[in-house]
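Engineer: Quick check, what structure comes out for this input:
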Amino acid sequence: MNGLTVHERPAESASWRIALPHTTAAVPVARALVRTALAEVEHTACSDTAELLTAELVANAVEHTAGRGPIELVVELLPTGCQVEVHDADPAPPGHLTRPVIEVPDPWQEDGRGLLLIRALSSSCGHRPTPSGKAVWFRLPAVPAQRRRSA
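Structural biologist: Residues are numbered from 1 along each chain as shown. Modelled structure (predicted):
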């Protein structure tokens, strides 16, 4: 092709994978990657919600998993929505992510709401074992074009 390059939106999927440090510095990096990934392919999932839930997953991995090894962020964009996974080396399940919450978080505490937010704002969420620990994930649906324009 001479001069003009046409970039087509991927029909199937696009994905990003990055190793992050096991420190709180990983949280803004993870948010930026999700924001960039969604914008780069003009994806229709809600970027603000994806960033918030990604920050919660990464912060939980940093705060609640043993070890100093890196954590891994995986972002997959599909025509139907997006899935974000955070992999860490701790095989223990992430608290009450997939079980009903019996206790309401204390309004005076700074933490205790992350998994509740993930459950409430995602279309689905969960965790699965991996050869090196576990992956905790959430999915967000694509937002119809007419809803995006009115927002």
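Engineer: so how far is stretch 126-133 off the chain centroid?
Structural biologist: 15 Å (C-alpha atoms, centre = their mean, to the nearest Å).
Engineer: now what about it, what contacts it?
Structural biologist: Applying C-beta atoms under 8 Å, 6 or more residues apart in numbering, the contact partners of stretch 126-133 are 65, 87-91, 93-94, 97-98, 134-137. In this view, the C-beta of every residue, glycine as well, is placed from N, C-alpha and C.
Engineer: List the contacts of the closest residue to residue 141 other than its chain neighbours.
Structural biologist: Leaving aside its sequence neighbours, residue 141 sits nearest to residue 81 (C-beta to C-beta, 6 or more residues apart in numbering; 4.3 Å). Each residue near residue 81 by C-beta under 8 Å, 6+ apart is listed here: 45, 123, 139-142.
Engineer: Next, the buried residues of stretch 126-133.
Structural biologist: Buried residues in stretch 126-133, counted by 16 or more other C-beta atoms under 10 Å: 126-127, 133.
Engineer: Specify which member of those residues is nearest to residue 22.
Structural biologist: Nearest to residue 22 among the buried residues of stretch 126-133: residue 133, at 11.8 Å, using C-beta to C-beta.
Engineer: Just the CA trace of stretch 35-52, in CSV.
Structural biologist: Written as CSV, here are the backbone C-alpha positions of stretch 35-52 (Å, rounded to 0.1, in the frame of the first residue of the first chain):
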residue,chain,number,x,y,z
ARG,A,35,-7.7,3.1,29.9
THR,A,36,-5.2,2.9,27.0
ALA,A,37,-6.3,-0.5,25.9
LEU,A,38,-10.0,0.5,25.8
ALA,A,39,-9.2,3.8,24.0
GLU,A,40,-6.7,2.3,21.5
VAL,A,41,-9.3,0.0,20.0
GLU,A,42,-12.2,2.3,20.7
HIS,A,43,-13.8,-0.4,22.8
THR,A,44,-17.3,0.1,24.0
ALA,A,45,-16.9,-1.2,27.6
CYS,A,46,-17.2,1.5,30.3
SER,A,47,-13.6,2.7,30.8
ASP,A,48,-14.3,4.3,34.2
THR,A,49,-15.8,1.2,35.6
ALA,A,50,-13.0,-1.0,34.1
GLU,A,51,-10.4,1.2,35.7
LEU,A,52,-12.0,1.2,39.1
